[in-house]
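Novice: all I have is the shape, not the residue letters:
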């Protein structure tokens, strides 16, 4: 077994007490997360501190979007997706902030639950991004079918299925990696990561690129130019802030995953902070009533 496997087995068999985890130089490694490094690395601590600064801001932004979409604005199929995306990103930022605090204090006995919650909310957020991008693309390519034949409650059903899928994937990883015989942990993590890297990420990028081309072609005739800019920013942010996470996780066996993961999480926190705002604005351009609500909010 590799060193990571042995560390995982030791930690899942007998968790250290809070007092012992405060000792300088303690190390805990599960799913590639080293919670306490001896000695602290300057780049590592900088990324952790920046993440701790970003997370509260993102929580406020996502909280505002949740409040507007949940209580102030009449829901439409698109806003249901954005509402669920804001909820997933809010949870991700909350658990990420707590995990960074755990990192700084070396409270290792809290880290396993936070890692699972992080995986759950990140998976939900990424799958929602994929569905949103794909449905926007369909609405542009097949506008008549989309308006006339799309099931009324499709958004709510898809969101429920995506939350259930994220819970299932997280549950599988938890069961395999924390069971008494966890030699298959790395293989399961690699396969689950492949879903993000080989399915969700390509669909999101391809759908967004198709949407950019279509909106660009019709920007002078039908679509507002601001919509094109917002969608373009959406794609750029996804490529810069989300795709690196999937790449690093997918190639974890060939790179120093523990060194990169904290910087990648910092990028993911930025993405989760701006995601709802971008899609909120996209939705506002697609619906006159939603646009009026955005202007009032601003």
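Specialist: Yep, that arrived. Here the structure is a predicted model, which is why all the values come from computation and not from measurement.

Novice: and the pLDDT for the residue nearest to residue 176 when sequence neighbours are not counted?
Specialist: Residue nearest to residue 176 in three dimensions, not counting chain neighbours: residue 188, with 4.6 Å by CB to CB, 6 or more residues apart in numbering. Glycine gets a C-beta too; all of them are placed from N, C-alpha and C. Note on residue 188: pLDDT of 76.

Novice: show me what the helix or strand encompassing residue 188 is packed against.
Specialist: Assigned by DSSP states H and E, residue 188 belongs to helix 185-195. Helix 185-195 makes packing contacts with helix 3-13, helix 154-177, helix 243-250 when contacts are defined by 3 or more CB pairs under 8 Å, 6 or more residues apart in numbering; DSSP states H and E.

Novice: out of those helices, which one sits most buried?
Specialist: helix 243-250 (a mean of 19; mean count of other CB atoms under 10 Å).

Novice: now for that one, which elements pack on it?
Specialist: Helix 243-250 packs on helix 185-195, helix 201-218, helix 257-286, going by 3+ CB pairs under 8 Å, 6+ apart.

Novice: out of those, which one sits most buried?
Specialist: Stretch with highest mean neighbour count among the helices and strands packed on helix 243-250: helix 257-286 (a mean of 21; mean count of other CB under 10 Å).

Novice: picking that back up, residue 129: which of the helices and strands packed on helix 243-250 is closest?
Specialist: Closest approach to residue 129 among the helices and strands packed on helix 243-250 (CB to CB): helix 201-218, 5.6 Å.

Novice: average model confidence for the closest one?
Specialist: In this model, helix 201-218 has an average pLDDT of 82.

Novice: and the angle for that helix with helix 243-250?
Specialist: Angle of helix 201-218 versus helix 243-250, following axes from the mean of the first three to the mean of the last three CA atoms, to 10 degrees, is 160 degrees.

Novice: centre of the chain to helix 201-218, how far?
Specialist: Using CA atoms, centre = their mean, to the nearest Å, the mean C-alpha position of helix 201-218 is found 20 Å from that of the whole chain.

Novice: swap in stretch 59-71?
Specialist: Counting by CA atoms, centre = their mean, stretch 59-71 is centred 17 Å from the centre of its parent chain.

Novice: give me the contact list for that stretch.
Specialist: With contact meaning CB atoms under 8 Å, 6 or more residues apart in numbering, stretch 59-71 is reached by 75, 79, 82-83, 86-87, 89-90, 93-94, 97, 272-274, 276-277, 280, 293, 297.

Novice: to residue 105, which of the helices and strands packed on helix 243-250 lies closest?
Specialist: Closest of the helices and strands packed on helix 243-250 to residue 105 is helix 257-286, at 15.4 Å (criterion: CB to CB).
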